[in-house]
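> I would like the atomic coordinates for the input below:
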Amino acid sequence: MQSYEIPVGPLHVSLEEPMYFRISVEGETVTGLEVTAGHVHRGIEYLTTKRNIYQNLALTERVCSLCSNSHPQTYCMALEDIAQIAVPERALYLRAIADEIKRVASHMFNVAILAHIVGFESLFMHVMEAREIMQDTKETVFGNRMDIAANVIGGVKYDISRETSAYILHQLDRLEPILREQIRPIYATNRSITARTKGIGVIGLDHCIDYGLMGPVARGAGHGYDVRLAAPYGIYPQLDFEAVSYPDGDVWSRAMVRLDEALVAISLIRQCLAKLPEGPLSVGPLPHIPAGEAVAKTEAPRGELIYYLKTNGTDTPERLKWRVPSYMNWDVLQVMMDRARISDIPMIVNSIDPCISCTER
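Numbering: from 1, shown residues only. Below you'll find the model as predicted:
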């Protein structure tokens, strides 16, 4: 059988963002993959050392749109560790609420794109319409639909009144039955979805370990690591939830993990609103940030997000570096695509919830 190569990207109809793949195939079967990155490198890690610690709040939020709340939150946690800042309890609850609202919107976007790639356009529109409930919630509570600017060093800069709390609960009451009773059963049982996703892009638990995979990609292969449970931070130790995992490691499992995690996130938001204590939103005027270094990590929508920060006693970081879950996900595509069909390539790429922005920072 004739062997040949297919170039996909960096601009291609089946890719959401510019990444270049050189795919080796025999007939319709993928036999090799080479990934070439760097097309939209922005040098953000370098830019953080040219801006002060306050300006970097806005900069880190723009590393990635769907994980935009997780980046400044993790950055703040590293600074708070160095300066020994105790974040008020109310602020910790508000941070968790913001994080889980973003998680619901992020996961729903990914599964909607899956339906679009499969060709199930009515399902794509249905999921995106339901996702608008969360988008409207973000716009109402934070004033923005993507970069919500919820975090400050030592706390948060938004608050939730009783009226706003009631509004959020109303929005969750609208979304949850749609997600639980309509959307999830379609992905779980509909032949149009399962025939194209079950047994496709398979990885095993050993691959999760070898490639350092985290987040829904790893949990879709039975690796139930979740930072919120394995290395609890913020208010998560006081919340009741379990990690979601599926054993098969295919495209379908990764989609189901995201749908189930969206329902878990809704439950966490409800718990936070029910337990939300009174108190300050931040520590007030910040103390001097001394020289030091710290590592902080959170569970972003795509998985474990790690920040390393080194300060030198000035208001400008000496070094700021982050490890994003997308970086490892790109590498494992060579396993997922091995012996796959050409028609499955867009679906497998989408299943890792690809993000060029946070990979090429």
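> For the protein, which residues score under the pLDDT cut-off?
Judged by pLDDT under 70, the chain has its weakly predicted residues at 1, 11-17, 361.
> That one: strands as residue ranges?
Under the criterion DSSP state E, strands of the chain are mapped to 3-8, 20-26, 29-36, 151-152, 155-156, 292-300, 303-311, 319-323.
> right, and those - which one's nearest D226?
Judged by Cβ to Cβ, the one of the strands of the chain that comes nearest to D226 is strand 292-300, at 5.7 Å. Glycine gets a C-beta too; all of them are placed from N, C-alpha and C.
> Could you list the buried residues of the closest one?
G292, A294, A296, K297, T298, E299, A300 (16 or more other Cβ atoms under 10 Å).
> For C76, state which of those residues is nearest.
Top of the list for closeness to C76, among the buried residues of strand 292-300 and by Cβ to Cβ, is A296 at 8.3 Å.
> for the protein, what's the longest helix?
Using DSSP state H to define each element, the chain has its longest helix at helix 89-118.
> so how far is it from its chain's centroid?
In terms of Cα atoms, centre = their mean, to the nearest Å, the gap separating the centre of helix 89-118 from the centre of its chain is 7 Å.
> Point out the other helices and strands that it packs with.
Helix 89-118 sits against helix 70-83, helix 121-142, strand 155-156, helix 191-197, helix 251-275, helix 345-351, with contacts defined as 3 or more Cβ pairs under 8 Å, 6 or more residues apart in numbering; DSSP states H and E.
> Next, work out how far apart the residue nearest to the spatial centre of the chain and R341 are.
Nearest to the mean C-alpha position of the chain, counting by Cα atoms, centre = their mean, stands P301 at 2.2 Å. Applying Cβ to Cβ, to the nearest Å, the value for P301 to R341 is 28 Å.
> What's the local residue count around V335?
Using other Cβ atoms under 10 Å, V335 has 16 neighbouring residues.
> quick one: terminal-to-terminal distance for stretch 308-315?
End-to-end distance for stretch 308-315: 16 Å, by Cα to Cα, to the nearest Å.
> Which parts of that stretch count as buried, going by neighbours?
Buried, per 16+ other Cβ under 10 Å, within stretch 308-315: L309, K310, T311.
> Could you dump these into CSV with distance to V8 added?
CSV is the format used below for the buried residues of stretch 308-315 (distance: Cβ to Cβ, whole Å):
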residue, distance to V8
L309, 37
K310, 39
T311, 42
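> The residue lying closest to V141 once chain neighbours are set aside: how many residues sit nearby?
The shortest distance from V141 to any non-neighbouring residue, by Cβ to Cβ, 6 or more residues apart in numbering, is to T164 (6.1 Å). Neighbours of T164 under the rule other Cβ under 10 Å: 15.
> Then L59?
A count of nearby residues for L59, using other Cβ under 10 Å, gives 17.
> residues contacting it?
Counting by Cβ atoms under 8 Å, 6 or more residues apart in numbering, L59 touches I44, L47, T48, R51.
> Of the residues you listed, which is the nearest to M214?
I44 (20.9 Å).
> Could you report the neighbour count for the closest one?
Neighbours around I44, by other Cβ under 10 Å: 19.
> Surely it and V63 touch.
Yes: using Cβ atoms under 8 Å, I44 is in contact with V63, at 6.0 Å.
> Which stretch among the helices and strands packed on helix 89-118 approaches R22 most closely?
helix 345-351 (12.1 Å).
> Out of the contacts of L59, list just those in helices.
Using DSSP H, the members of these that fall in helices are I44, L47, T48.
> how close does the first one sit to M77?
For I44, the distance to M77 (Cβ to Cβ) stands at 18 Å.
> looking at the strands of the chain, which is closest to V87?
Comparing the strands of the chain under Cβ to Cβ, the one sitting nearest is strand 155-156, at 5.6 Å.
> which helices and strands sit right next to that closest one?
Against strand 155-156 (3+ Cβ pairs under 8 Å, 6+ apart) you get helix 89-118.
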